[in-house]
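**Q** can you look at this prediction? I've put the sequence above it.
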Amino acid sequence: MTSLLRGGAALVHSSARRRRSVAALGAVSAGLLVLSACDKPTPLATITVGSNSVNSEASCYNDGKELKPSQLQGCLKDTDVKSIKVDPDEKVRFGVDPEVAEKGWTLLMNGQPLTEASKKTYVVIPGSVFFNQQYGGGTNSTTVSLLEGGKGSTAKATGLWSFKLKKDA
């Protein structure tokens with residue numbers, strides 16, 4: 001009888017081990033499925049003024065593929081963007097991920113080019129530029145966008161990041 005109980009216990013123990021293995025395999029499979037459904041985050045763009053920074057993922061991004069002009073126009077009109085206060089006497093630093101710099105990017109102010117295309121990971125612009133009407137700036141706030149794409153007139157826009165600069169008097 002003792003050997004029968006031991007044999008039964010072994011059978012129960014073996015069955016429990018199989019259930020745990022199947023459960024673990026199911027959990028791993030479910031985790032992989034969830035990860036495969038996740039979108040890869042877009043590269044970040046960052047603006048720094050003094051000791052304050054704000055960063056954002058792209059407003060428009062199609063995994064590095066060319067965006068249609070209608071998509072870009074819609075994104076340029078987006079008002080739900082992050083903002084940062086800018087003292088006109090401060091310098092404003094714009095930074096992009098290296099993969100964005102590799103493609104080249106242009107700084108836009110209120111939808112118009114402010115800089116030439118750059119392949120640097122950051123540029124520095126005086127804060128006063130963004131509130132100077134001569135350059136197309138606003139009096140108290142300005143929308144600034146970073147446009148990812150190549151150099152020249154054949155540039156293909158592949159991403160757009162927008163921010164609101166608010167004058168800090």
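**A** Now that the structure is in, tell me what you want to look at.
**Q** CA-only coordinates of the host helix or strand of Cys75, as CSV, when you get a sec.
**A** Using DSSP states H and E, Cys75 falls within helix 69-76. In CSV, the C-alpha atoms belonging to helix 69-76 read as follows (Å, rounded to 0.1, in the frame of the first residue of the first chain):
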residue,chain,number,x,y,z
PRO,A,69,2.3,66.9,-47.8
SER,A,70,-1.3,66.8,-46.5
GLN,A,71,-0.1,64.9,-43.4
LEU,A,72,2.5,67.5,-42.7
GLN,A,73,0.1,70.4,-43.1
GLY,A,74,-2.2,68.8,-40.6
CYS,A,75,0.6,68.3,-38.1
LEU,A,76,1.8,71.9,-38.5
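**Q** helices and strands around it, which ones?
**A** If you count contacts as 3 or more CB pairs under 8 Å, 6 or more residues apart in numbering; DSSP states H and E, helix 69-76 packs onto strand 60-61, strand 141-148, strand 159-167. Where you see a C-beta, it was placed from the backbone N, CA and C, and this is true even at glycine.
**Q** tabulate the ones you listed (JSON lines), appending distance to Val96, mean neighbour count and mean pLDDT.
**A** JSON lines is the format used below for the helices and strands packed on helix 69-76 (distance: least, CB to CB, whole Å; neighbours: other CB atoms under 10 Å; pLDDT from 0 to 100):
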{"stretch": "strand 60-61", "distance to Val96": "12", "mean neighbour count": "22", "mean pLDDT": "91"}
{"stretch": "strand 141-148", "distance to Val96": "6", "mean neighbour count": "24", "mean pLDDT": "94"}
{"stretch": "strand 159-167", "distance to Val96": "8", "mean neighbour count": "23", "mean pLDDT": "95"}
